[in-house]
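Asker: need coordinates for the following:
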Amino acid sequence: MTFQSKRAWRLQEFAAHGGNVNCLSISPKSARLLATGGEDRKVNLWTIGSPTVTQSLSGHTSGVDCVGFDCSEEHVVGGSASGTLKVWHIDRAQVIRTLSGHKANVSSIGFHPFGKFLASGSMDTNVRLWDTRRQGCLCTYKGHGGKINCLKFSPDGKWVVTGSEDGLVKLWDLGSSKVLHEFTQHDAGITDIQFHPCELLLATSSSDKTVKFWDLETFDLVSTTSPQAKPIRRVVYSPEGEALFSGAEDSLRVYGWEPARVYDSLCLFWGKVSDLAVQSGQLMGASYQHTNVSVWVVDIAKLKPFNGDLTPLVETAVPAETPSAPAPKPAAAAAVGGDMAPPPAVRGALQRTPPRARKNLHHWEQQAPTSQGQVPFRRDKQPTPPAAEPNPAAIAKISLLDNKGPTETVTESDFLHHAATGHRSLRDNLEERLRNLQLVKSVWAKGDLKEALDVALGLDDQGVTVDLFQVLLARPAVWDLHVCTIVLPSLRVLFHSKHENHLLVACATLKHVIKSFGQLIKDNINAPPVGGHIDITREERYKKCHLCHQQIANISREVTRHSQTQGKLGSAFREIIKLSESYY
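Answerer: Sure, this is the predicted structure:
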């Protein structure tokens, strides 16, 4: 066993739902419960370490796209593709609230740290604040331009911060229902947000493969990590706030932030890691693929800096520029309020961490409760308000190449520098793709095609998936029904690609499956096994044929949607439709 395997291991893997798993969440208090949501419209509850479902909660009429626990772990909420939220009491296994109002899939959920309040984000780009006791919406926050990927309440309960696919992070004040600040420096969609447990510090991760740290007293950028090879999916601070853990599809990193630095790094192929939690000296990570869920454990005591070694692996600081002018005013954002009272704020003091080198860093502050037991939405120390919006007419036109102003001439060296930067990015992407393909090849070389397929599809890299499908199309002898059951779910994802080559390969792969196995699937569906003589081989074949039949039916809807496309791609879609009619 390697040193790394002693530091981290996969605790369990199990089939969580009858359909694909869409989301999961680890309980925040104990990190011992796991909630999963799937296409089968259920929320399942598990005890981590046990493969047996403890509760299966039903009530949704469409697939469950996000789940979450409240802070006391007494309730769990599930948000569906229809825009509805349902809150269950865990002990009673009963729906206690149904909340409706979103016009599209619910994509993120967060409970207020005190009181029965809940925030939800949606693909309709809106964030809603709910009072679960009254079954009503307190407020609707508008202003994002894309799906709300994540949201978090601040530890003192006075703010909520939202991250969107538009790459923006918005900090909302719950008392005034207005945007306090908008963080705009990420270059891609936001994937996760975490408040420091003790200090006024915010960490944001993005599909641009970086983590940024923000001072919430001044709203300045503290530091930015260097880009990883894969987008960062989740981040979480250690309980005392000494370091930040970040999970990408192929790795776990431990970061410091002043300056940004990597304390430690682990190579973990845990795939679509969807939640991280820290408890009792262990980091728990949970991921999903198709119908399966995996749970991983990392021994924090064997990671730097928790083992006493404060030496960083690599210096990854990207220094934040000191602004020479006031920050521009955030883009217009609105909140539509109801007639209900806002949620309460903090009820107790947060413990301070040991003193740090940074002298002007403030901590979450305590306020005394009112006679009603609530704390007013007022900060003893108000944050710096956004500066006035600059006059666009006064802004000089800036060169797209050198960004130095209209008075400077772009030199040959400047041009070559920017060209080389773009080439390095392309080279890095191609090298990462080559490493992934070599990994798949090494598994396939051992004679296990199905394991190689699982590894390739688990990388969630459409380029690798397309390359592998092209190899499979050139080797028709390796195909069987089991290979079809692995390939077809990924084809459905591939049909959403914006790249024509990806769509053409997806069409060719689906065409091969229908031509080679369509008649076999049709015959087995029309003649299912009957009682009497037990034929295990026939029953297994029927199950695989039935699964393939369902998957092809789901993909056919995507094919029909593209049937009016012009050119070569449109012809490929129409050919599949015609071919499908011969078998289905």
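
Asker: quick one: residues in contact with the one helix or strand residue 121 maps to.
Answerer: In this structure, residue 121 sits in strand 117-122 according to DSSP states H and E. Strand 117-122 is contacted from outside by 77, 79, 83, 85, 87, 99, 102-112, 127-132, 138, 147-151, 153, 160, 162, 164, 343, using C-beta atoms under 8 Å, 6 or more residues apart in numbering. For glycine as for every other residue, the C-beta is placed from the backbone atoms N, C-alpha and C.

Asker: show me where pLDDT drops low in this structure?
Answerer: 1-5, 115, 135, 314-422, 424-425, 530-536, 583-584 (pLDDT under 70).

Asker: helices of the stretch 451-584 of the chain, start to end?
Answerer: 462-473, 481-494, 500-526, 536-561, 567-583 (DSSP state H, counting those that start in this stretch).

Asker: just the CA atoms of the shortest one, as PDB, please.
Answerer: Coordinates of the C-alpha atoms in helix 462-473 are reproduced here as PDB (Å, rounded to 0.1, in the frame of the first residue of the first chain):
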ATOM      1  CA  GLN A 462     -15.900  14.900 -23.500                       C
ATOM      2  CA  GLY A 463     -12.700  15.000 -25.600                       C
ATOM      3  CA  VAL A 464     -11.500  11.700 -24.100                       C
ATOM      4  CA  THR A 465     -15.100  10.200 -24.400                       C
ATOM      5  CA  VAL A 466     -15.200  11.100 -28.200                       C
ATOM      6  CA  ASP A 467     -11.700   9.700 -28.800                       C
ATOM      7  CA  LEU A 468     -12.700   6.400 -27.000                       C
ATOM      8  CA  PHE A 469     -15.900   6.100 -28.900                       C
ATOM      9  CA  GLN A 470     -14.000   6.500 -32.200                       C
ATOM     10  CA  VAL A 471     -11.700   3.600 -31.200                       C
ATOM     11  CA  LEU A 472     -14.700   1.500 -30.300                       C
ATOM     12  CA  LEU A 473     -16.300   2.200 -33.600                       C
END
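
Asker: in it, what counts as buried?
Answerer: In terms of neighbour count (16 or more other C-beta atoms under 10 Å), helix 462-473 has its buried residues at 462-469, 472.

Asker: same deal with the fourth one?
Answerer: Along helix 536-561, the positions that meet the burial threshold by neighbour count (16+ other C-beta under 10 Å) are 541-542, 544-545, 547-549, 551-552, 554-556, 558-559.

Asker: out of the residues you listed, give me the two with the largest separation.
Answerer: For the buried residues of helix 536-561, the maximum inter-member distance is 26.5 Å, found between 541 and 558 (C-beta to C-beta).

Asker: got a quick PyMOL command for the buried subset of the contacts of strand 117-122?
Answerer: Burial among the contacts of strand 117-122 is assessed by 16+ other C-beta under 10 Å; the matching PyMOL selection reads:
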select buried, resi 77+79+83+85+87+99+102+105+106+107+108+109+110+111+112+127+128+129+130+131+132+138+147+148+149+150+151+153+160+162+164+343
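
Asker: can you give me the strands in the stretch 101-250 of the chain?
Answerer: 106-111, 117-122, 127-131, 136-142, 148-153, 159-164, 169-173, 178-183, 190-195, 201-206, 211-215, 221-224, 232-237, 244-248 (DSSP state E, counting those that start in this stretch).

Asker: and of those strands, who's closest to residue 8?
Answerer: Among those, the nearest to residue 8 by C-beta to C-beta is strand 244-248 (11.2 Å).

Asker: how many neighbours does residue 581 have?
Answerer: Neighbourhood size, residue 581 [other C-beta atoms under 10 Å]: 8.

Asker: gap between it and residue 518?
Answerer: Distance, residue 581 to residue 518, using C-beta to C-beta, to the nearest Å: 11 Å.

Asker: go on, residue 195?
Answerer: 53 Å.

Asker: what do you get for residue 279?
Answerer: 50 Å.

Asker: then residue 550?
Answerer: Distance from residue 550 to residue 518, by C-beta to C-beta: 14 Å.

Asker: what about the strand holding residue 121, distance to the chain center?
Answerer: Centroid separation between strand 117-122 and its chain, computed with C-alpha atoms, centre = their mean, to the nearest Å, is 16 Å.

Asker: note down every partner strand of that strand and its orientation.
Answerer: Partners of strand 117-122 in the sheet, by DSSP bridges, are strand 106-111 (antiparallel), strand 127-131 (antiparallel).

Asker: name the SS class of the residue lying closest to residue 229 once chain neighbours are set aside, please.
Answerer: Leaving aside its sequence neighbours, residue 229 sits nearest to residue 432 (C-beta to C-beta, 6 or more residues apart in numbering; 5.0 Å). Under DSSP: H, G, I helix; E, B strand; the rest coil, the three-state class of residue 432 is helix.

Asker: so how many other residues sit close to residue 432?
Answerer: Residue 432, neighbours per other C-beta under 10 Å, totals 17.

Asker: adjust the sequence numbering to begin at 33 for everything that follows.
Answerer: With the count now opening at 33, the last piece we talked about shows up as residue 464.

Asker: correct me, but it touches residue 263?
Answerer: No. Using C-beta atoms under 8 Å, residue 464 is not in contact with residue 263, being 11.6 Å away.

Asker: look up how far residue 103 lies from the residue found closest to residue 102 once you drop the neighbours it is linked to in the chain.
Answerer: Nearest-residue entry for residue 102: residue 143, 4.2 Å, with adjacent residues in sequence omitted and distances by C-beta to C-beta, 6+ apart. Distance, residue 143 to residue 103, by C-beta to C-beta: 6 Å.

Asker: so how far is stretch 315-325 off the chain centroid?
Answerer: Distance, stretch centre to chain centre, for stretch 315-325: 12 Å (C-alpha atoms, centre = their mean).

Asker: adding distance to residue 518 as columns, could you present the strands of the stretch 133-282 of the chain in JSON lines?
Answerer: JSON lines is the format used below for these (distance: least, C-beta to C-beta, whole Å):
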{"stretch": "strand 138-143", "distance to residue 518": "27"}
{"stretch": "strand 149-154", "distance to residue 518": "32"}
{"stretch": "strand 159-163", "distance to residue 518": "38"}
{"stretch": "strand 168-174", "distance to residue 518": "41"}
{"stretch": "strand 180-185", "distance to residue 518": "28"}
{"stretch": "strand 191-196", "distance to residue 518": "33"}
{"stretch": "strand 201-205", "distance to residue 518": "37"}
{"stretch": "strand 210-215", "distance to residue 518": "40"}
{"stretch": "strand 222-227", "distance to residue 518": "27"}
{"stretch": "strand 233-238", "distance to residue 518": "30"}
{"stretch": "strand 243-247", "distance to residue 518": "33"}
{"stretch": "strand 253-256", "distance to residue 518": "38"}
{"stretch": "strand 264-269", "distance to residue 518": "23"}
{"stretch": "strand 276-280", "distance to residue 518": "24"}
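
Asker: can you say which of those is nearest to residue 71?
Answerer: That would be strand 138-143 among these, by C-beta to C-beta, at 14.7 Å.

Asker: could you check the angle the closest one makes with strand 222-227?
Answerer: Calculated by axes from the mean of the first three to the mean of the last three C-alpha atoms, to 10 degrees, strand 138-143 forms an angle of 10 degrees with strand 222-227.

Asker: quick one: distance of strand 138-143 to the chain centre.
Answerer: For strand 138-143 - counting by C-alpha atoms, centre = their mean - the centre lies 12 Å from the chain centre.

Asker: quick one: contacts of it?
Answerer: Strand 138-143 is contacted by residues 97-103, 107, 109, 111-113, 115-117, 149-155, 179-185, 192 when judged by C-beta under 8 Å, 6+ apart.

Asker: can you rerun that using 7 Å?
Answerer: 97-98, 100, 102-103, 109, 111-112, 115, 117, 150-155, 179-185 (C-beta atoms under 7 Å, 6 or more residues apart in numbering).

Asker: now stretch 114-131
Answerer: By C-beta under 7 Å, 6+ apart, stretch 114-131 touches 77, 87, 89, 91-94, 106-111, 132, 134-138, 152, 154, 162, 164, 167.

Asker: with stretch 498-516 instead?
Answerer: By C-beta under 7 Å, 6+ apart, stretch 498-516 touches 469, 472, 481-482, 485, 488, 533-534, 537, 540-541, 544-545, 548-549, 573, 576-577, 580.
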